[in-house]
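Colleague: Have a look; sequence and predicted model below, questions after that.
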2 protein chains.
Amino acid sequence: MTENKEMQSAISMQALRRLPQYYSYLKLLEAEGIETISAPAIAKRMNLNDVQVRKDLASVSLSGGKPKKGSNVHDLIRDISHFLGYDNVREAVLVGAGHLGSALLSYKGFEEYGMKVVAAFDNDPDCVGMKHFRDMIYPMQKLSNLCTRLNIRIGIITVPKHAAQEVCDALILGGVQAIWNFAPTHLLVPKGIHVQNENMAVSLAVLSQYLIDV
Amino acid sequence: MTENKEMQSAISMQALRRLPQYYSYLKLLEAEGIETISAPAIAKRMNLNDVQVRKDLASVSLSGGKPKKGSNVHDLIRDISHFLGYDNVREAVLVGAGHLGSALLSYKGFEEYGMKVVAAFDNDPDCVGMKHFRDMIYPMQKLSNLCTRLNIRIGIITVPKHAAQEVCDALILGGVQAIWNFAPTHLLVPKGIHVQNENMAVSLAVLSQYLIDV
DNA sequence: TAGATTGTTAATCGATTAACAATC
DNA sequence: TAGATTGTTAATCGATTAACAATC
């Protein structure tokens, strides 16, 4: 998945991937009006080890817990939000307004996670997205230029695989630094650009493994 | 991501996730007419260690490579395909024919990866999928029953999060054993059922980490 | 108090990488 | 032959888990 390993931070990749899941569970608790939660309780619900939970939370939270009570749910939510940049919404562009692109455009949850798609690009006037998101869809030619002008750092690629590399190049030309690639292809990028592949085949491989010999 | 850790197999989860990526690169080589490839060459292209590549491939391939030449591309493709079950297409159902569901329905690549979506379910006659995939969309009431009758083992959930648990229960009632969950919520399932969460927030967290302080 | 929970240090586990002899 | 590559064994690295004293 991760192409580039040069990220520096106090937290491990594994822990980073668990944080959004703690966040989601904590939001659930918050909605239920629960004010404190212990590490063992979180661990049990999420099928994790309690020491791991404590370490993960300690790495992003300043407050810490109280013996016999646990940690404050609001504080944890605030600290994870902050660490993951949820309180600092970044603008992104999306290229390819077919079914998948439209699905992402209509997903309103991104903003809660610190990302907002401000423009989409597609050349096909008949593409699915054109019907639902007409006002934010621009022709592909404007891609690089608009990215530069709006100072966009995140590009989302949802075009068919044969067009992905070209789109990727245009995004980089426009100054994009992180690419979320949904096309099932390997993109070649210069050093310093992060590509994150959302690869269905990888997920499917893991899923299928559970069914072998059943 | 992975809820259930009881999978038994000779291969590690990490290696399993790399296999589809080797496969994809090998298919590219095959298309270019290249007949043999060395582990160091694969490693270089995919930013991996060459020993790791050799071990990964050895764990699924019978043939092995030849000093100074490497391995046969066709043989590797065949062995990975076989290991990942690509030559043994499994039938799946999809629930929720909105944008995301339609995107998955229109993705023809799944069959190459050993999965075929044979039916989709949605109650809304105005859903996006209804326009494009009318003939394979059934009302939700038929879900459990059809799964049982067709002996379906894989269910894909692409409904909004408030409906996900209910859909999940219906799938399990119908005998589904593996669930690919695209709804941003934690599903509660009995022991023995595998849930694989495709969580955009997790991916986004990793992606954003690369942009912090930029 | 007793006992649940905390945070930390040490042990374990598993995956990656280095080293090396064998092969074509 | 020389050198690239193989497969395997040993060392390293990193993450998880166990053990434990401190706290409310």
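Modeller: Cool, the structure landed.

Colleague: Off-centre distance for the helix or strand hosting A:Lys55?
Modeller: According to DSSP states H and E, A:Lys55 maps onto helix A:50-60. Its chain's average C-alpha position is 21 Å from that of helix A:50-60, according to Cα atoms, centre = their mean, to the nearest Å.

Colleague: For it, the averaged confidence score.
Modeller: The pLDDT scores in helix A:50-60 average 96.

Colleague: Which secondary structure state is assigned to the residue in chain A sticking out farthest from the centre?
Modeller: Going by Cα atoms, centre = their mean, the residue of chain A most distant from its centre is A:Lys68, 34.7 Å out. Following DSSP: H, G, I helix; E, B strand; the rest coil, we place A:Lys68 in the coil state.

Colleague: Now do the buried residues in stretch A:100-112.
Modeller: Residues A:Leu100, A:Gly101, A:Ser102, A:Ala103, A:Leu104, A:Leu105, A:Phe110 are the ones in stretch A:100-112 that count as buried (16 or more other Cβ atoms under 10 Å in any protein chain shown). Where you see a C-beta, it was placed from the backbone N, CA and C, and this is true even at glycine.

Colleague: Mind checking which of the residues you listed are in helices?
Modeller: Cross-referencing those against helices under DSSP state H gives A:Leu100, A:Gly101, A:Ser102, A:Ala103, A:Leu104, A:Leu105.

Colleague: Can you verify my assumption that the third one contacts A:Phe133?
Modeller: Yes. With the criterion set as Cβ atoms under 8 Å, A:Ser102 and A:Phe133 qualify as a contacting pair; they are 6.9 Å apart.

Colleague: tell me which element A:Ala41 is part of?
Modeller: Going by DSSP H and E, A:Ala41 is in helix A:39-46.

Colleague: which secondary structure elements does that helix contact?
Modeller: helix A:13-31, helix A:50-60 (3 or more Cβ pairs under 8 Å, 6 or more residues apart in numbering or on different chains; DSSP states H and E).

Colleague: For the helix or strand bottoming out on mean pLDDT in chain A, buried residues please.
Modeller: The least trusted helix or strand in chain A, going by mean pLDDT, DSSP states H and E, turns out to be helix A:128-132, with a mean of 88. Neighbour counts over helix A:128-132 (16+ other Cβ under 10 Å) mark A:Val128, A:Gly129 as buried.

Colleague: For that helix, what is the distance to the chain centroid?
Modeller: Centroid separation between helix A:128-132 and its chain, computed with Cα atoms, centre = their mean, is 23 Å.

Colleague: swap in stretch A:69-76?
Modeller: 25 Å.

Colleague: Quick check: residues of chain A near DNA strand C?
Modeller: With Cβ under 7 Å from any atom of the strand as the criterion, chain A comes near DNA strand C at residues A:38-41, A:50-51, A:54-55, A:57-58, A:64-71.

Colleague: again, 6 Å this time
Modeller: A:38-40, A:51, A:54-55, A:58, A:64-65, A:67-68, A:70-71 (Cβ under 6 Å from any atom of the strand).

Colleague: Now do the strands in chain A.
Modeller: A:36-37, A:71-72, A:90-95, A:115-121, A:137-138, A:154-157, A:178-181, A:194-197 (DSSP state E).

Colleague: Kindly compare burial across these and name the winner.
Modeller: Highest mean neighbour count of the strands of chain A: strand A:154-157, a mean of 27 (counted as mean count of other Cβ atoms under 10 Å in any protein chain shown).

Colleague: Give the rounded mean pLDDT of that strand.
Modeller: 97.

Colleague: Walk me through the domains of chain A.
Modeller: A:2-84, A:90-202 (automatic domain parsing).

Colleague: Out of the ones you listed, indicate the one that is most buried.
Modeller: Taking mean count of other Cβ under 10 Å, domain A:90-202 is the most buried of the domains of chain A, at a mean of 19.

Colleague: can you tell me the residue of chain A closest to DNA strand C?
Modeller: Proximity of chain A to DNA strand C (Cβ to the nearest atom of the strand) peaks at A:Gly64, 2.9 Å away.

Colleague: Distance of that residue relative to B:Asn181?
Modeller: 33 Å (Cβ to Cβ, to the nearest Å).

Colleague: again with A:Met140
Modeller: Taken as Cβ to Cβ, the span from A:Met140 to B:Asn181 is 33 Å.

Colleague: what do you get for A:Ala43?
Modeller: A:Ala43 sits 21 Å away from B:Asn181, going by Cβ to Cβ.

Colleague: With A:Ser59 instead?
Modeller: A:Ser59 is 27 Å from B:Asn181, by Cβ to Cβ.

Colleague: give me the low-pLDDT residue ranges for chain A?
Modeller: The model of chain A has pLDDT under 70 over residues A:1-9, A:212-214.

Colleague: contacting residues for the residue nearest in space to the middle of it?
Modeller: Nearest residue to the geometric centre of chain A (Cα atoms, centre = their mean): A:Tyr113, 7.4 Å. Applying Cβ atoms under 8 Å, 6 or more residues apart in numbering or on different chains, we find A:Tyr113 in contact with A:Pro20, A:Leu84, A:Tyr86, B:Met200, B:Ala201, B:Leu204, B:Ala205.

Colleague: got the residues of chain A near DNA strand D?
Modeller: So chain A meets DNA strand D at A:Ser12, A:Gln14, A:Ala15, A:Asn49, A:Val51, A:Gln52, A:Lys55, A:Lys66, A:Pro67, A:Lys68 (Cβ under 6 Å from any atom of the strand).

Colleague: one step back: output the domains of chain A as TSV; include the columns distance to B:Gln165.
Modeller: Shown next, in TSV, are the domains of chain A (distance: least, Cβ to Cβ, whole Å):
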stretch	distance to B:Gln165
domain A:2-84	12
domain A:90-202	17
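
Colleague: right, and these - which one's nearest B:Leu187?
Modeller: domain A:2-84 (12.1 Å; Cβ to Cβ).

Colleague: Just give me how far that closest one sits from the chain centre.
Modeller: 17 Å.

Colleague: Stretch A:144-161 now?
Modeller: 16 Å.

Colleague: got a list of contacts for that stretch?
Modeller: A:90-98, A:100-101, A:104, A:115, A:117-119, A:138, A:164, A:167-168, A:170-171, A:173-185, A:187, B:207, B:211, B:214.

Colleague: what's the span of that stretch from first residue to last?
Modeller: 19 Å (Cα to Cα, to the nearest Å).
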